[in-house]
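pasted the sequence and its predicted model underneath.
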Amino acid sequence: KYPLATINKLISMHGNDQAIGSDIRCSLSTTLAVSSIAQMARAANVQLVMNTFHGHAHNHMCQLQYHPLYHSGTGLEDFETCECILSSSNATAGLIHHASYFHYIQYLELHFSQWDTDKYAELSRFLFNNYKQALRIISANTAELDTYHVLHLDQHLDFGSWAAEELAYLKSVESEPKQDVLRVTYMEELEKLAKLEYDIMMSLW
């Protein structure tokens, strides 16, 4: 219910066409689809993606569908803001791990209040540096791709279709062929039979 409440709040605050990251994107999409806010989320064109840090813990087929690397428009965003915020709160541990409940909450409130102030003061610099980084990446990668094109004129480099083809292949082999399953089952049964025959033989000695 907490992710759904978060999504509902983000839609009400920021409107349409949002990409929202989640560690459990795979299961959250199913939950969202049958929730009371499903229609609102579809109307708002909400896109769920997995956080980049957690992405590599998912199977490759899941990554191809939901990792920000394969979603146009996500840019440099890693969707790990909550991880960064929680990591920053570790600095308070030495002050509050033996504190009373009142001082525990007091120090956390002071920490996050100062965190907000510091991040807001640095927001313009953060956006500017991200913009410069994006321009550098585009410039460097475009030059490398142009060089590759010149050296391999016979190749058609459609990276989007490559990812789609890989996903289609993985889906096609998601289940083992029935013939292979039968062969493996047959061998396993033969091994069980051999073990039983051996046990019977040994019991007769």
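Nice, thanks for sending it over.

grab the nearest non-local neighbour of the residue nearest to the spatial centre of the chain.
For the chain, the residue nearest the mean C-alpha position is residue 50 (2.3 Å; C-alpha atoms, centre = their mean). In space, and not counting its chain neighbours, residue 50 is closest to residue 25: 4.1 Å by C-beta to C-beta, 6 or more residues apart in numbering. Every residue, glycine included, has its C-beta placed from N, CA and C.

that older thread, now the residue nearest to the centre of the chain. Its backbone dihedrals?
When read as degrees, to the nearest 10, the backbone of residue 50 gives phi -90, psi 150.

tell me how many other residues surround residue 128.
Using other C-beta atoms under 10 Å, residue 128 is surrounded by 10 other residues.

name the helix or strand for it, please.
helix 123-151 (DSSP states H and E).

any buried residues in the following helix or strand past that helix, and which?
As assigned by DSSP H and E, the chain's next helix or strand after helix 123-151 is helix 159-172. For helix 159-172, a neighbour-count test (16 or more other C-beta atoms under 10 Å) marks 163, 167 as buried.

ok, now stretch 106-114?
For stretch 106-114, the neighbour count (16+ other C-beta under 10 Å) marks 107, 111 as buried.

number the residues from 639 up from this point.
Shifting the count to begin at 639 puts that one at stretch 744-752.

outside of it, which residues touch it?
The contact list for stretch 744-752 (C-beta atoms under 8 Å, 6 or more residues apart in numbering) reads 723, 726-727, 729-730, 733-734, 737.

strands along this protein, start to end?
Ranges of strands in the chain, per DSSP state E, are 657-660, 685-688.

now distance to residue 702 too, for those strands, in a markdown table please.
Below are the strands of the chain laid out as a markdown table (distance: least, C-beta to C-beta, whole Å):
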| stretch | distance to residue 702 |
| --- | --- |
| strand 657-660 | 16 |
| strand 685-688 | 11 |
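
nearest to residue 819, of these?
Counting by C-beta to C-beta, residue 819 lies closest to strand 685-688 out of these; the figure is 30.6 Å.

narrow the contacts of stretch 744-752 to those in helices?
723, 726, 733-734 (DSSP state H).

ok, of these, which come out buried?
residue 734.

most widely separated two among the ones in helices among the contacts of stretch 744-752?
It's 723 and 733 that sit farthest apart of those, by C-beta to C-beta, at 17.5 Å.

returning to what we had before: quick one: the helix holding residue 766 to helix 797-810, angle?
Relative orientation of helix 761-789 versus helix 797-810 (axes from the mean of the first three to the mean of the last three C-alpha atoms, to 10 degrees): 90 degrees.

helices and strands of the protein: which one has the lowest mean pLDDT?
helix 690-693 (a mean of 74; mean pLDDT, DSSP states H and E).

what packs against that one?
For helix 690-693, there is no helix or strand it packs on, judged by 3 or more C-beta pairs under 8 Å, 6 or more residues apart in numbering; DSSP states H and E.

coming back round to it: just list the residues touching the residue nearest to residue 688, thanks.
Contacts for residue 663 were tallied using C-beta under 8 Å, 6+ apart; they are 686-688, 700, 704.
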